[in-house]
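**Q** sequence? don't have it. structure:
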């Protein structure tokens, strides 16, 4: 799959988020494209971000940039900030943006 973003490295870090733990890319519900972050999406697309509905949290929409493992939204949200496949650490600060990517309400 192709991950899009600004100044991406091989582990999906971008110009906006580039610490050692910024290795998660998201498949955006609104367009089906993979981006390294919401800011990269906003800078590249002409449509607004639509979060994944909770009824589709079983869909694979999250990528570990370290091992390229894809996981469902539910698996990512319950992964305790680590890849369930390779155990690489994910940025716990990403939870501050969860509502941008995922609808946290039922329905």
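**A** Received it, and whenever you're ready, just let me know what you need. Since this is a predicted model, take the numbers as computed values, not measurements.

**Q** how about the helices in this structure?
**A** 38-44, 73-77, 98-101 (DSSP state H).

**Q** now the ones you listed in JSON lines, with distance to residue 24?
**A** C-beta here means a position set from N, CA and C on the backbone, and glycine is covered the same way. As requested, those are arranged in JSON lines below (distance: least, Cβ to Cβ, whole Å):
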{"stretch": "helix 38-44", "distance to residue 24": "12"}
{"stretch": "helix 73-77", "distance to residue 24": "8"}
{"stretch": "helix 98-101", "distance to residue 24": "10"}
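
**Q** closest to residue 83 out of those?
**A** helix 73-77 (9.2 Å; Cβ to Cβ).

**Q** who's in contact with the closest one?
**A** Under the contact criterion Cβ atoms under 8 Å, 6 or more residues apart in numbering, helix 73-77 has outside partners 24, 52, 56-59, 61-62, 84, 98, 102.

**Q** quick one, what contacts the closest residue to residue 60 other than its chain neighbours?
**A** Nearest non-adjacent residue to residue 60, counting by Cβ to Cβ, 6 or more residues apart in numbering: residue 70, 4.5 Å away. When contacts are counted by Cβ under 8 Å, 6+ apart, residue 70 touches 1, 60-64.

**Q** check residue 70 and give its pLDDT.
**A** Looking at residue 70, its pLDDT stands at 98.

**Q** one more: residue 104?
**A** 79.

**Q** could you double-check that it sits in contact with residue 95?
**A** No. If you go by Cβ atoms under 8 Å, residue 104 and residue 95 don't touch, sitting 10.6 Å apart.

**Q** can you give me the strands for this protein?
**A** 3-4, 24-27, 34-35, 60-64, 70-72 (DSSP state E).
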